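A.B. asks: whatever this is, show me its structure:
(chains A and B)
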There are 2 protein chains.
Amino acid sequence: MNETTPLKIGVAGLGTVGAGVATLLSTNAQLISARAGRPIEIVAVAARSRGRDRGVDLSACRWYDDARDLARDPDVDVVVELIGGAEGVARELVEAALRAGKPVVTANKALVAVHGAELARASEQASVPLMFEAAVAGGIPVIKAVREGLAADRLTWIGGILNGTCNYILTAMRESARDFADVLAEAQALGYAEADPSTDVDGIDAAHKLAILAALAFGQPVNFGSVVVEGIRGIGALDLKFAQELGYRIKLLGVARQHEDGVEARVSPCLVPDRAPLARVDGVFNAVVAEGDFIGRLMLEGRGAGAGPTASAVVADLIDIARGTVVPVWGASGTALSEVRSIDREAFGGAYYLRLLVRDQPGVIADVSAVLRDFGVSVRSMLQHGTAPDGPDNGAVPLVLVTHVTRESAMLSSLARISALDVVIEEPTMLRIEAG
Amino acid sequence: MNETTPLKIGVAGLGTVGAGVATLLSTNAQLISARAGRPIEIVAVAARSRGRDRGVDLSACRWYDDARDLARDPDVDVVVELIGGAEGVARELVEAALRAGKPVVTANKALVAVHGAELARASEQASVPLMFEAAVAGGIPVIKAVREGLAADRLTWIGGILNGTCNYILTAMRESARDFADVLAEAQALGYAEADPSTDVDGIDAAHKLAILAALAFGQPVNFGSVVVEGIRGIGALDLKFAQELGYRIKLLGVARQHEDGVEARVSPCLVPDRAPLARVDGVFNAVVAEGDFIGRLMLEGRGAGAGPTASAVVADLIDIARGTVVPVWGASGTALSEVRSIDREAFGGAYYLRLLVRDQPGVIADVSAVLRDFGVSVRSMLQHGTAPDGPDNGAVPLVLVTHVTRESAMLSSLARISALDVVIEEPTMLRIEAG
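C.D. replies: Predicted coordinates for the structure are as follows:
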C-alpha cells in the first residue's frame, strides 16, 4: 500500500464524540499522518441531522441516512461506530463491516460487553481488527495496556473506578455532606449526569466496562448477565461520614477477580482504605488497577469521558490500523484459551461494612450480634453515636459494623435475618471493603 | 510463517532481569504462546558465569562468552540485550543485531537515551523493530501508552517519578524525619540502593528515562547532554519538614515541557502540592504523567524496577514482535517530524522554594528580600521558626521563601548574590514547584 494513500474512514454517529473525532483528525492532521505513516481522512458519515453545526467542516464527505450503508461503501476502508447501544443499527453496522472485511473502531461498551464473543469470532474469521479503546475509561489507554502491555502476565485482579458520573457524585457527597438526590440534581445541571441517570448511577455503564476488562484480563468474554451490579442510589451522606471516620472512602468499583474455580465480577459501592491509590481518585476521573503475577500492581488514571479524551482513543485505534497492527480482540486467538466460568455471588468473600438504622433501645446490639454470630460472621469494629445527626429525632440511631473477612453468603443470610428484626427500621446498607 | 514455529531469542546478560525473563517465559509459557500466536523460546544466552544457579534451567541453550556472537547466530530471531551501559558490548551488540535484520529488545535506558537517534535510523533502515519498554518505569507500559495510546495527541508535558531509589529515600526521610545519609545507608542495606548510589541519587538514571520519554512525546530524541540534572543529596530533613508545613511533598521529578521555542528537560527535586496525584506516589513506586491536547492528563503508576516487572515489560515487547507489530522507534518515521530544540535553563520559569541557613540577627530578611526585589522576584510566603530544630545551636536559623512565578535566570542570579551575603551560612537550597 502506498504510504501517501490516505486511510479512508466512515463515521457513524456525529454526537459529541463523533464531532470530537472529526475535530481531532483535522486539528492534528499533520502529526497523525506522521505517526500513522499516512493521512487519515473522513470520507463518509452517517448521522440523523445533516444541518447541525458541529464546529468542523464535513461538507466534502458522503452522507448516509442509514449507517449500515457505510459497510457497503467500497471507498470506506475503516468503519468508526459511534452510535451506541448493544443492539439495532450499531450491532448490524459492526457485523456488516467485519463481514465486508473492513476494520472497525467503536466506542460502544454495551455492544462489546454483551456481544464480545461473537464479534471476536467475526473479527478473527475476517482477519480484520475490531478496536474499542474508547469503550473503557475514555482516553486512558487501558485496553492497549492490558491486552499488549501486560500480555506476559497472568492477571489475577482487574477493576477500578469506571464511571465518572458516580465518582463525581460520591466525591461531592463526601465533600459537602449532602445526600444523593441533591448532588445528582447538581450533576445533571452541570452536564455530568444525564436526564435519565440510571445507566450511570445503577452501575450498568461500569458493568459494561468491567465485563470488557475481565475479558481482556482473563482471555475470554465473561457472560455479561452474570456480572453482579449494584449502583449508588442507596448510599447516604451518613455512610460517607462513617466511612471517613473508619479510615475509608466510598467508591463505586468494578472488580473482577480470578479464583481457582472461576471469575468473580461485580460492580458495587465499596469501602477503600483512604491511603489506597484508588481512594484518592476524585471527581469525574477514572482509574483502572490491574494486578499480575510478574508486574505486580499497576494503576492508570485519567479522564474517562468527554469529547477530547474519547476522540483521542478512537484516533489512536485508527493510527494502529493505519500502521497495520493487528491484535486478537481478547488478546489471543479464540481457540487458544479456556472459557471463563463466572462464580456465584454466594461464593464471594471479603470484609464488609454494615449500616443499620435501629431503635434506640436496650438489647439492639445484642440482637444484631447474635444473628452475625449464628452465621459465623466475626465483627471487627462497631460504631454508634446517638441519634442520626441529619435524621428526624424519631428514636432511630445508626449502627455501623465492620466485619472480618467472611463469605458473602453468610453476610446475605445475616442481612435477611437482621432486616426482619423489629428493632431495625429501614433496609440495611451493606458494602464490601476492597484493598483499592 | 508457521504459527507453531517458535520465536527463537538470544539473551545477552543473565543478571536479575535476565534470570527474570527466563523464569517468566517458562512460568507463563502456555499463556504467552497463546497471546503471541506461537511459543517464545530462549535458544542462546551470553553471560559471564555459566555455572551460577539462576533458578531456571538454561542447559539446553547455546552459550556464548561474547554477547556479540548472538547477532551472528543464524538460529537467533530476536536479540534481548540486558547488559547495560551506553557504550561497549551492549551498544555493539544492538547495532550488529539491527544490521543483521534481527529485532532487538533492550532494557538499557542509557543506550537508548544517549544513542537513540542513530539506533532509530538503524532500526528504520533495516525495517526491524527496536523495543525498550523495560527501559522506563520497569513494568509500567509507559512507552506503549505514549507511543501508541497517545499517538493522536500533541503532548505538552511529560514526566514524573522515574527513580524508585530516590523516591524510597525521600519517602523514608519524610516519614521518619531522618537525614539523607542515614536513609541512604538503610536503603543500601535493604537492597533498594546500590553500593555506589550515584547513578540513582544524582539523577542520572532518571535523566536517561526522561530523555526517552521526551523523545517519545515530542517525536525526536533530545540531546541528552542538554538535560538539566540535579540529584537529591542536597535535600535535608529540614526541607521535607518545611515542604510539609507549606502543603507540599518533595519528589525527584523528571519533567519535559514543550515551549514555543523548544523543549525544557530537567531532573530535579521539586515541591509538589500534597493533593496532587504525584505527591501520593510513595516508596519505590514510579509514576509517569503525560498531558496532551485532547486526552488531558493521564497518570500511570506501578513498580519501576525489580526482576518481575522488568521481565514483564521485556516479554510484552517479545509478544509484540511475535505478533508482527512494528512501530517506529520514536513514534514516526525519522524524516516525518522536526528536530527537538532544547532550551537553556535560564529560560525556564516557575515558582520556587528557597531555603537558607542564616545568622539569627536583625536585618537578615531585609537583606535577602532586597536581592530578590532587585532581580524582580516576588515573594509569596516566608517561614522562620527560631533555631534549626536538629541543628547545632550556633545562632543559625533556617529561613524559607516561596516565590511567585518568575524566570529561573532571575532566581539563579538572586541565588548567587544571596549565597555571598555574610549572614548566609551555607549554600542555599533552591527547589522548583511543579503542579504534579
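
A.B. asks: any idea how chain A splits into domains?
C.D. replies: When chain A is parsed with automatic domain parsing, its domains come out as A:7-135, A:143-302, A:346-433.

A.B. asks: for those, which one sits closest to residue B:227?
C.D. replies: Nearest to residue B:227 among the domains of chain A is domain A:7-135; the distance by CB to CB comes to 23.5 Å. Placement of C-beta: from N, CA and C, glycine included.

A.B. asks: what about stretch A:424-436, near chain B?
C.D. replies: No. Stretch A:424-436 lies out of reach of chain B by CB under 8 Å from any CB of the partner chain, never closer than 12.3 Å.

A.B. asks: ends of that stretch, how far apart?
C.D. replies: 31 Å (CA to CA, to the nearest Å).

A.B. asks: what does the average pLDDT come to for it?
C.D. replies: The average pLDDT within stretch A:424-436 is 92.

A.B. asks: then stretch A:12-20?
C.D. replies: pLDDT averaged over stretch A:12-20 gives 95.

A.B. asks: contacting residues around that stretch?
C.D. replies: A:11, A:22, A:45-47, A:52, A:54-56, A:58, A:67, A:70, A:79-84, A:89-90, A:93, A:107, A:134, A:306-308, A:310-311, A:314, B:294 (CB atoms under 8 Å, 6 or more residues apart in numbering or on different chains).

A.B. asks: select from those every entry located in strands.
C.D. replies: A:11, A:45-46, A:79-81 (DSSP state E).

A.B. asks: my read: residue A:429 touches residue A:235, true?
C.D. replies: Yes. Contact status for residue A:429 versus residue A:235: in contact at 7.2 Å, counting by CB atoms under 8 Å.

A.B. asks: quick one, which of the two is more surrounded?
C.D. replies: In this view residue A:429 and residue A:235 are compared by other CB atoms under 10 Å in any protein chain shown, and residue A:235 has more residues nearby, 25 against 20.

A.B. asks: how close does that one sit to residue A:170?
C.D. replies: For residue A:235, the distance to residue A:170 equals 7 Å [CB to CB, to the nearest Å].

A.B. asks: before we move on, back to that, which of the domains of chain A sits most buried?
C.D. replies: domain A:143-302 (a mean of 22; mean count of other CB atoms under 10 Å in any protein chain shown).

A.B. asks: is chain B contacted by it?
C.D. replies: Yes. Contact of domain A:143-302 with chain B (CB under 8 Å from any CB) involves A:144-145, A:148-154, A:219, A:277, A:280, A:292-302.

A.B. asks: now, those residues that are in helices?
C.D. replies: residue A:144 (DSSP state H).

A.B. asks: check which helix or strand residue A:256 maps to.
C.D. replies: strand A:248-259 (DSSP states H and E).

A.B. asks: what is that strand packed up against?
C.D. replies: Judged by 3 or more CB pairs under 8 Å, 6 or more residues apart in numbering or on different chains; DSSP states H and E, the packing partners of strand A:248-259 are strand A:155-161, helix A:164-176, helix A:204-218, helix A:237-245, strand A:262-273.

A.B. asks: among the ones you listed, which is nearest residue A:398?
C.D. replies: Proximity to residue A:398 (CB to CB) singles out helix A:237-245 among the helices and strands packed on strand A:248-259, at 5.8 Å.

A.B. asks: now that closest one, how far from the chain's geometric center?
C.D. replies: Relative to its chain's centre, helix A:237-245 lies at 24 Å (CA atoms, centre = their mean, to the nearest Å).

A.B. asks: for the residue nearest to residue A:352 when sequence neighbours are not counted, list each beta-bridge partner.
C.D. replies: Spatial nearest neighbour of residue A:352, excluding adjacent residues (CB to CB, 6 or more residues apart in numbering or on different chains): residue A:403 at 4.8 Å. Per DSSP bridges, the residues bridged to residue A:403 are residue A:379.

A.B. asks: where does residue A:403 land on pLDDT?
C.D. replies: pLDDT, residue A:403: 96.

A.B. asks: ok so, going back, and the angle from the strand holding residue A:256 to helix A:164-176?
C.D. replies: 150 degrees (axes from the mean of the first three to the mean of the last three CA atoms, to 10 degrees).

A.B. asks: quick one: average pLDDT of strand A:248-259?
C.D. replies: Rounded mean pLDDT across strand A:248-259 is 96.

A.B. asks: sheet partners, orientation included, of that strand?
C.D. replies: Here, using DSSP bridges, strand A:248-259 pairs with strand A:155-161 (antiparallel), strand A:262-273 (antiparallel).

A.B. asks: could you dump the ones you listed into TSV and include mean pLDDT?
C.D. replies: Listed next are those as TSV, based on pLDDT from 0 to 100:
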stretch	mean pLDDT
strand A:155-161	97
strand A:262-273	95
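
A.B. asks: to residue B:181, which of those strands lies closest?
C.D. replies: For the strands paired with strand A:248-259, the distance to residue B:181 is smallest for strand A:262-273, at 33.0 Å, taking CB to CB.

A.B. asks: export that closest one as PDB, just CAs?
C.D. replies: This file holds the C-alpha atoms of strand A:262-273, laid out as PDB (Å, rounded to 0.1, in the frame of the first residue of the first chain):
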ATOM      1  CA  GLY A 262     -13.900 -19.100  38.200                       C
ATOM      2  CA  VAL A 263     -14.100 -15.400  37.900                       C
ATOM      3  CA  GLU A 264     -15.900 -13.100  40.400                       C
ATOM      4  CA  ALA A 265     -17.200 -10.000  38.600                       C
ATOM      5  CA  ARG A 266     -19.100  -7.300  40.300                       C
ATOM      6  CA  VAL A 267     -19.900  -3.600  40.300                       C
ATOM      7  CA  SER A 268     -20.800  -2.200  43.700                       C
ATOM      8  CA  PRO A 269     -20.100   0.700  46.000                       C
ATOM      9  CA  CYS A 270     -17.100  -0.300  48.200                       C
ATOM     10  CA  LEU A 271     -15.100   1.000  51.100                       C
ATOM     11  CA  VAL A 272     -11.500   1.600  50.100                       C
ATOM     12  CA  PRO A 273      -8.800   2.500  52.700                       C
END
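
A.B. asks: what is the helix or strand that contains residue A:413 packed up against?
C.D. replies: For residue A:413, the host element (DSSP H and E) is helix A:408-419. The helices and strands touching helix A:408-419, judged by 3+ CB pairs under 8 Å, 6+ apart, are strand A:349-359, helix A:364-374, strand A:429-433.

A.B. asks: mind checking how far that helix is from the chain centre?
C.D. replies: Taking mean C-alpha positions (CA atoms, centre = their mean), helix A:408-419 and its chain are 28 Å apart.

A.B. asks: and the angle from it to strand A:262-273?
C.D. replies: 60 degrees.

A.B. asks: look up how far residue A:351 lies from the most centrally placed residue in chain A.
C.D. replies: In chain A, the residue lying closest to the centroid (CA atoms, centre = their mean) is residue A:206, at 2.8 Å. Using CB to CB, we find residue A:206 at a distance of 22 Å from residue A:351.

A.B. asks: tell me which of the domains of chain A sits nearest to residue B:360.
C.D. replies: domain A:143-302 (38.7 Å).

A.B. asks: end to end, how far does the closest one reach?
C.D. replies: 14 Å.

A.B. asks: ok, stretch A:377-395 next?
C.D. replies: End to end - CA to CA - stretch A:377-395 spans 28 Å.

A.B. asks: my guess is residue A:424 contacts residue A:418. True?
C.D. replies: Yes. With contact defined as CB under 8 Å, residue A:424 reaches residue A:418; the gap is 5.9 Å.

A.B. asks: residue A:290 sits in which helix or strand?
C.D. replies: Here residue A:290 is assigned to strand A:285-292, by DSSP H and E.

A.B. asks: need the residues that contact that strand.
C.D. replies: A:136-138, A:140, A:142, A:145-146, A:150, A:153-164, A:167, A:213, A:217, A:277-278, A:281, A:297-305, A:436, B:312.

A.B. asks: one more time with 7 Å, if that's ok
C.D. replies: With contact meaning CB atoms under 7 Å, 6 or more residues apart in numbering or on different chains, strand A:285-292 is reached by A:137-138, A:140, A:142, A:146, A:150, A:153-162, A:164, A:167, A:213, A:217, A:278, A:281, A:297-304, B:312.
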